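In: Take a look and give me a structure for this.
(4 chains)
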Protein chains: 2
Amino acid sequence: MAFELFDHEGFDATTVDAIAKRAGIGRRTFFRYFDSKNDVVWGAFTEQLDHMREQFARRPADEPLMESVRAVVVEFNRVDPEEVPRHRRRMELILRVPALQAHSTLRYGDWRAVVAEHAAGRLGEDPGALRPQAIAYAALGVSLAAYEHWLAEPGRQLCDVLDEALSELARGFSLN
Amino acid sequence: MAFELFDHEGFDATTVDAIAKRAGIGRRTFFRYFDSKNDVVWGAFTEQLDHMREQFARRPADEPLMESVRAVVVEFNRVDPEEVPRHRRRMELILRVPALQAHSTLRYGDWRAVVAEHAAGRLGEDPGALRPQAIAYAALGVSLAAYEHWLAEPGRQLCDVLDEALSELARGFSLN
DNA sequence: CTTCCATTTGGCACTCGGTGCCATATACCC
DNA sequence: GGGTATATGGCACCGAGTGCCAAATGGAAG
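Out: Numbering: from 1, shown residues only, chains lettered A, B, ... in the order given. This next block holds a predicted model:
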């Protein structure tokens, strides 16, 4: 709904008034459905994270930790082929519009918490400890690098790029 | 100057009007010195990045890449012992106040660019390529994890935590 | 159908960050 | 001292986001 406005006018130039009018609701009502204009772009992300948590729980207990992370993150980002163009436009907004880039950091915190939680379980440490947090932060980082690369290179499959980036991470970016 | 206000009232509750009044300047003038209220917290960060670039240039050419990254990032974050309390309060704001947490993402972009640039040089790739970007993103991530850990554990030295986290990264977070 | 109650809606006014415009003050040069 | 460039800051404006409250909506019960 509001995405047409973002596409045509740009995110910053699209006012909440315009979005509300387009949706046929009052401006005040808009802010009851979305905490902020930024949140329009991020749909039901929290629910998706529940799904990621389940995927982590399903991994075999003897699998190397970074291998689990790689597999789950790759699968988490697999989208229906016909949804790819929409996903692309959404991620273009998130990764390229400064306001969204900044705001998204807050959402990433929830994502990291899921990864850190699983890593902590595997390592027998507290989710707030250095290693689980470092792993979660690093996994997020290389995923974002993969997303940016995917946006810049229309030919490649997102999951392939993610797989490559997360494999490099598990390898410590060493040469061999 | 403005940091006393942030400490006493909190960042969000401190208005630009209050900061300007405290500084004895007009509100309009404030916005000529700082692009935003957020930028007050980030001082001369760009200049510091130039220094980081120089440090990278100084590393021996045969040093493993992730070793250079570790060494430079650790040194980049070494602060004068008497400045530690101030640094701590500053980083508490940056890492814990949501508005700053979000905004800081934009500054981190410049930081990552420096790391990616060096990594690209070493790998013989484009700075925008996947691996340099992934390395920069990952290095940033584990550094932030280290900072958070440092803030939570008053006993430890920041550089030690950074060193540990970046070493783990270079090891791919593997067990041995 | 009507009455009553709960929930949803959205108008209004306000705060605050940020910006463009323009008059004035300040500083520097001749 | 006069003249010019630059720094200052007042003013009005925009847009995001919020608290308050009145009106609309929609069931359930009579």
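In: What residue spans form the domains of chain A?
Out: A:1-40, A:42-170 (automatic domain parsing).
In: Pull the contacting residues for A:Val69.
Out: Residues counted as contacts of A:Val69 (CB atoms under 8 Å, 6 or more residues apart in numbering or on different chains) are A:115, A:118-119, A:135, A:139, A:166, A:170. All C-beta spots, glycine's among them, are computed from the backbone N, C-alpha and C.
In: hmm, try it at 7 Å
Out: By CB atoms under 7 Å, 6 or more residues apart in numbering or on different chains, the contact set of A:Val69 is A:115, A:135, A:139, A:166.
In: Where helices are concerned, which of these count?
Out: A:115, A:135, A:139, A:166 (DSSP state H).
In: what about A:Asp12, distance to A:Arg27?
Out: With distances taken as CB to CB, to the nearest Å, A:Asp12 is found 17 Å from A:Arg27.
In: could you pull out the helices for chain A?
Out: For chain A, helices defined by DSSP H occupy the ranges A:2-9, A:16-23, A:27-33, A:45-58, A:65-76, A:84-96, A:98-123, A:130-152, A:158-170.
In: what's in contact with the third one?
Out: Translated: helix A:27-33. So helix A:27-33 is in contact with A:16-17, A:19-20, going by CB under 7 Å, 6+ apart.
In: Which positions within that helix qualify as buried?
Out: A:Phe30 (16 or more other CB atoms under 10 Å in any protein chain shown).
In: before we move on, the earlier item: name the nearest of the contacts of helix A:27-33 relative to B:Pro154.
Out: A:Val16 (42.5 Å; CB to CB).
In: per-residue pLDDT, whichever residue of chain A sits closest to DNA strand C?
Out: Using CB to the nearest atom of the strand, the single residue of chain A nearest to DNA strand C is A:Gly26, 2.5 Å away. Note for A:Gly26: predicted pLDDT of 96.
In: Could you pull up the residues touching the residue most central in space within chain A?
Out: By CA atoms, centre = their mean, chain A has its centre lying nearest to A:Tyr108, at 6.6 Å. Contact partners of A:Tyr108, counting by CB under 7 Å, 6+ apart, are A:Leu140.
In: Flag every residue of chain A that's near DNA strand C.
Out: Contact residues, chain A versus DNA strand C (CB under 7 Å from any atom of the strand): A:24-29, A:32.
In: returning to what we had before: go back to the ones in helices among the contacts of A:Val69 and keep what's next to chain B.
Out: A:Ile135 (CB under 7 Å from any CB of the partner chain).
In: Show me which residues of chain A are close to DNA strand D?
Out: By CB under 7 Å from any atom of the strand, the residues of chain A that approach DNA strand D are A:14-17, A:27-28, A:31, A:35-38.
In: Low-confidence bits of chain A, can you list those?
Out: Within chain A, the ranges that satisfy pLDDT under 70 run A:175-176.
In: Leaving out sequence neighbours, find the closest residue to the closest residue to DNA strand D within it.
Out: Closest approach between chain A and DNA strand D, counting by CB to the nearest atom of the strand: A:Ser36, at 3.0 Å. Among residues not flanking A:Ser36 along the chain, A:His103 sits closest, at 7.2 Å (CB to CB, 6 or more residues apart in numbering or on different chains).
In: again with A:Gly172
Out: B:Gly172 is the one closest to A:Gly172 (CB to CB, 6+ apart), at 3.5 Å.
In: My read is that the one you found contacts A:Glu168, right?
Out: No: B:Gly172 is not in contact with A:Glu168 according to CB atoms under 7 Å; the separation is 8.8 Å.
In: Give me the more crowded residue out of these two.
Out: Set side by side, B:Gly172 and A:Glu168 show more neighbours around A:Glu168, with 21 against 18, by other CB atoms under 10 Å in any protein chain shown.
In: Isn't the more buried one up against B:Arg131?
Out: Yes: with contact defined as CB under 7 Å, A:Glu168 counts as touching B:Arg131 (6.3 Å).
In: still on that earlier bit, need the buried ones from the residues of chain A next to DNA strand D selected in ChimeraX.
Out: This is how ChimeraX selects the buried members of the residues of chain A next to DNA strand D, with burial counted by 16+ other CB under 10 Å:
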select /A:14,37,38
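In: Give the single residue among the residues of chain A next to DNA strand D positioned nearest to chain B.
Out: When the residues of chain A next to DNA strand D are compared for distance to chain B (CB to the nearest CB), A:Asn38 wins out at 9.1 Å.
In: nearest residue to the closest one other than its sequence neighbours?
Out: Nearest one to A:Asn38, counting by CB to CB, 6+ apart, is A:His103 at 4.0 Å.
In: what's the answer for A:Leu169, then?
Out: Of all residues not flanking A:Leu169 in the chain, A:Val142 sits nearest, at 4.8 Å (CB to CB, 6+ apart).
In: Quick check: the gap between the residue of chain A closest to DNA strand D and A:Arg27.
Out: In terms of CB to CB, A:Ser36 sits 13 Å off from A:Arg27.
In: quick revisit: contacting residues for the residue nearest to A:Gly172?
Out: Per CB under 7 Å, 6+ apart, neighbours of B:Gly172: A:66, A:169-172.
In: again with A:Asp126
Out: Counting by CB under 7 Å, 6+ apart, A:Asp126 makes contact with A:Ala120.
In: Number of residues surrounding the closest residue to A:Met66 other than its chain neighbours?
Out: Among residues not flanking A:Met66 along the chain, A:Ala170 sits closest, at 3.8 Å (CB to CB, 6+ apart). A count of nearby residues for A:Ala170, using other CB under 10 Å, gives 20.
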